[in-house]
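Chemist: sequence first, predicted model second:
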Amino acid sequence: MAAATTLVVAAAVLLGCGSDGSASGRAAFGAGQTGVEIEDGAQRTVALLQKDFVLFRRAATPRDRLPPRLVPPPEAVLRLALDLEAAKLTYGGAISRIYAVPGGRAVCLFDTLGASSTCWPPATVARGMAVSTSFCPPNLPARTMQMVGLLPDGVRMAWVIMEDGRRQPAPVEQNLMLLDLPFGRSLPSRLIWRRGAEIHNQIAGVSPRVAKLSCGSEQ
């Protein structure tokens, strides 16, 4: 269950990496690295994930190139040891695109809408525990939560269990889980997925106070 807390920290690191260079970011992912160290670290991460993630096995195409406006500040690239040349397009929707970027210290998603940009430690992704929730991001419809995750091969559907017990299906394509939910009285509580005989069940919620600060109280 500790890994679920790690996801929140990782998301906060990405959100802060282009601004104040917070101490929490340095503590979670360490100091910057050289270009060679970044490439080597990213290659180790890709090797770790290739077994269970087709996204990191498939050949690169021109569509995978990270758009210039999504390129993070150099400080963030160094801190998380990201290899921007190894980016993969994981979602190409009508109004948004989401790219996965591996690094020695993190695997990050960059969203052209800015709704689901987040990072996780590589080991968290490898364990199938990479899930994050954005509360009412400005580029989505009002009072909308968006859950995003990277889940292993063989998972075609995940289930989000809400605090009130409702089950929300979350389709998974090319290892990416993406689900929009209305913000209301019940928040996401757990994420469940199955792959063969393996059943994965993890905490996927965050503090209601965080959600309310982002979305405001109900009208």
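Modeler: Here it is on my side, so go on.
Chemist: if you count contacts, what does the helix or strand harbouring L178 end up packed against?
Modeler: With elements delineated by DSSP states H and E, L178 resides in strand 176-182, which encompasses its position. Applying 3 or more C-beta pairs under 8 Å, 6 or more residues apart in numbering; DSSP states H and E, one finds that strand 176-182 makes contact with strand 88-92, strand 97-102, strand 144-150, strand 157-162, strand 167-173. Where C-beta positions appear, they are placed from N, C-alpha and C, glycine not excepted.
Chemist: just put the ones you listed in CSV and tack on distance to T133 and mean pLDDT.
Modeler: Conversion of the helices and strands packed on strand 176-182 to CSV gives the following (distance: least, C-beta to C-beta, whole Å; pLDDT from 0 to 100):
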stretch, distance to T133, mean pLDDT
strand 88-92, 17, 95
strand 97-102, 15, 96
strand 144-150, 5, 92
strand 157-162, 9, 95
strand 167-173, 11, 95
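Chemist: out of those strands, the one nearest S189 is which?
Modeler: With C-beta to C-beta as the measure, strand 157-162 is the member of the helices and strands packed on strand 176-182 nearest S189 (5.2 Å).
Chemist: next up, the contacts around T90.
Modeler: 55, 98-100, 109, 150, 174-176 (C-beta atoms under 8 Å, 6 or more residues apart in numbering).
Chemist: still on that earlier bit, can you add distance to S189 and give the helices and strands packed on strand 176-182 back as TSV?
Modeler: Converted to TSV, those look like this (distance: least, C-beta to C-beta, whole Å):
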stretch	distance to S189
strand 88-92	25
strand 97-102	24
strand 144-150	12
strand 157-162	5
strand 167-173	11
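Chemist: between these, which one is closest to R190.
Modeler: Taking the helices and strands packed on strand 176-182 one by one with C-beta to C-beta, strand 157-162 is closest: 4.2 Å.
Chemist: low pLDDT regions in this structure?
Modeler: Along the chain, segments meeting pLDDT under 70 span 1-36, 205-209, 216-219.
Chemist: picking up where we left off before, of all the helices and strands packed on strand 176-182, which one is nearest L49?
Modeler: Using C-beta to C-beta, the nearest of the helices and strands packed on strand 176-182 to L49 is strand 97-102, at 7.2 Å.
Chemist: paired strands for the closest one, with orientation please.
Modeler: Strand 97-102 sits in its sheet next to strand 88-92 (antiparallel), strand 107-111 (antiparallel), going by DSSP bridges.
Chemist: quick one, that strand and strand 144-150 angle?
Modeler: Using axes from the mean of the first three to the mean of the last three C-alpha atoms, to 10 degrees, one finds that strand 97-102 and strand 144-150 are set 40 degrees apart in direction.
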